[in-house]
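Engineer: could you work out the structure for the sequence below:
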Amino acid sequence: MIGNAAAAPKSLWIVTDGKAGDLQPARAIARALEKETGTEIACTEKILKPRLFWRVLAPWGGPDPDESPRNPRGLLGVPHPDIVMATGRRCVPALRAFTALKAPRPLTVFLKDPRTGPATADLIWTPEHDRLSGDSVLTTLTAPVLADAAALIRHAETASEALKALPGPRLAVVLGGPAGRTRFESGDIEAVAGAFRTALEGFGSAIITASRRTPSALSGALRRDAQRSGKPFVFYGGEGANPYPAMLGLASAIIVTGDSHNMVSEAVASAVPVAVIRPAILMPKITRFLDALEATGRLCRPQALLEPAPVTPIDSTPTIARAILAAYGRHIERAKTP
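Structural biologist: Predicted structure coming up:
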């Protein structure tokens with residue numbers, strides 16, 4: 001924890017276009033900022049919906065006038081917060097407009113590659129696989145996560161009775177799906193199902209969750225294999241409350257498909273063994289990420305998920321939060337200079 005609470009930001013805007021994949025890491029960082037400072041930060045989420053003309057120009061054009069920080073009656077009008085943290089292509093123009101304001105102005109932070117260069121914000125965080133560099137750029141191997149290993153244990157304690165009743169050891173399976181140039185062909189579905197069957201032999205039960213992107217063939221294959229195993233299991237396909245944090249906390253090991261930087265980052269932030277099953281056709285940057293992650297020794301083979309071995313969680317969230325706080329301190333000092 002950073003002890004100088006007087007220098008801590010008191011207000012933060014999260015600016016996105018509402019995509020869950022953008023909101024999750026931003027919320028994770030906001031929570032980590034509070035944890036690092038030991039103070040409450042007023043966090044407001046601003047959802048941008050630029051009109052067609054400005055949406056087409058993003059990220060290179062200016063912001064929609066209704067979403068410009070210079071518009072006192074607009075969505076991003078005064079009073080401004082201490083920090084503006086944005087992510088997503090459509091939000092780049094608005095953040096650049098904040099960065100161009102005269103002092104005093106908010107510290108600007110962008111998550112992921114803005115495509116408009118390091119001068120877009122005071123601080124840019126990107127995953128290492130994006131290969132962006134510059135004095136204002138921070139890179140980490142994994143993405144920020146909402147729940148670290150300790151938080152996952154707390155989620156497990158508040159899990160539903162149905163999940164808690166599953167006999168251990170429990171195998172968690174996190175399924176993604178096609179995204180960008182990533183594909184899930186029949187061979188990929190069999191690879192995931194085969195890894196699940198192999199691993200499940202040593203486990204007492206399974207908890208499986210599918211995303212909106214998960215092909216029905218993949219969901220169906222794992223349902224059938226779980227039923228044929230004769231072992232208790234829970235399958236979450238979008239109905240009711242999502243048990244995702246609780247299932248990770250209850251798991252003795254995790255299998256995750258390798259199509260999502262966020263999903264894999266969440267898995268390796270846990271304190272249990274993790275196996276990643278890669279689709280054969282994968283976006284090059286995700287391939288670079290998984291190669292680098294394998295080089296750390298954090299991943300294991302599905303058949304080795306129950307072998308005794310030390311596990312060190314990988315969680316980049318505190319590193320990102322501390323970098324933002326350091327940048328905020330420098331920003332405040334510069335503002336004091338005549």
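Engineer: when you work out contacts or count neighbours from here on, use the C-alpha atoms and nothing else.
Structural biologist: Fine.
Engineer: pLDDT weak spots in the stretch 51-200 of the chain?
Structural biologist: Residue ranges of the stretch 51-200 of the chain with pLDDT under 70: none are present.
Engineer: helices of that one, start to end?
Structural biologist: Applying DSSP state H, counting those that start in this stretch to the stretch 51-200 of the chain gives helices spanning 52-57, 92-99, 149-157, 161-164, 186-200.
Engineer: next, count neighbours for residue 175.
Structural biologist: Counted with other Cα atoms under 10 Å, residues neighbouring residue 175 total 25.
Engineer: one more: the one 5 residues further on?
Structural biologist: The burial metric for residue 180, expressed as a neighbour count using other Cα under 10 Å, is 8.
Engineer: isn't it up against residue 284?
Structural biologist: No - between residue 180 and residue 284 there is no contact under Cα atoms under 8 Å: 10.6 Å.
Engineer: returning to what we had before: could the helices of the stretch 51-200 of the chain go into CSV alongside distance to residue 85?
Structural biologist: Formatted as CSV, these follow (distance: least, Cα to Cα, whole Å):
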stretch, distance to residue 85
helix 52-57, 19
helix 92-99, 8
helix 149-157, 24
helix 161-164, 36
helix 186-200, 36
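Engineer: and of the ones you listed, who's closest to residue 236?
Structural biologist: For these, the distance to residue 236 is smallest for helix 161-164, at 11.2 Å, taking Cα to Cα.
Engineer: mind listing what's buried in stretch 179-186?
Structural biologist: 182, 183, 184, 185 (16 or more other Cα atoms under 10 Å).
Engineer: follow-up on the earlier one: show me the one of the helices of the stretch 51-200 of the chain that comes nearest residue 271.
Structural biologist: Nearest to residue 271 among these is helix 149-157; the distance by Cα to Cα comes to 5.6 Å.
Engineer: got the contact list for the closest one?
Structural biologist: 164, 245, 246, 247, 248, 249, 250, 269, 270, 271, 313 (Cα atoms under 8 Å, 6 or more residues apart in numbering).
Engineer: want to throw the residues you listed into TSV with neighbour count and secondary structure?
Structural biologist: Formatted as TSV, these follow (neighbours: other Cα atoms under 10 Å; DSSP: H, G, I helix; E, B strand; the rest coil):
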residue	neighbour count	secondary structure
164	16	helix
245	19	helix
246	22	helix
247	29	helix
248	29	helix
249	27	helix
250	25	helix
269	26	coil
270	27	coil
271	22	coil
313	18	coil
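Engineer: I'd like the residues you listed as CSV, with distance to residue 71 appended.
Structural biologist: Below are those laid out as CSV (distance: Cα to Cα, whole Å):
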residue, distance to residue 71
164, 52
245, 40
246, 43
247, 45
248, 44
249, 45
250, 48
269, 41
270, 44
271, 47
313, 44
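Engineer: quick one: which of the helices of the stretch 51-200 of the chain is nearest residue 129?
Structural biologist: Residue 129 lies closest to helix 92-99 among the helices of the stretch 51-200 of the chain, at 20.1 Å (Cα to Cα).
Engineer: can you give me the buried ones in that closest one?
Structural biologist: Using 16+ other Cα under 10 Å as the test for burial, helix 92-99 gives 92, 93, 94, 95, 96, 97, 98, 99.
Engineer: ok so, going back, just the buried residues of stretch 179-186 now: which is nearest residue 234?
Structural biologist: Looking across the buried residues of stretch 179-186 and measuring by Cα to Cα, the closest to residue 234 is residue 184, at 23.1 Å.
Engineer: and that closest one, what are its phi and psi?
Structural biologist: Phi and psi for residue 184, reported as degrees, to the nearest 10, are phi -120, psi 100.
Engineer: from what I can see it touches residue 178, true?
Structural biologist: Yes - using Cα under 8 Å, residue 184 is in contact with residue 178, at 5.9 Å.
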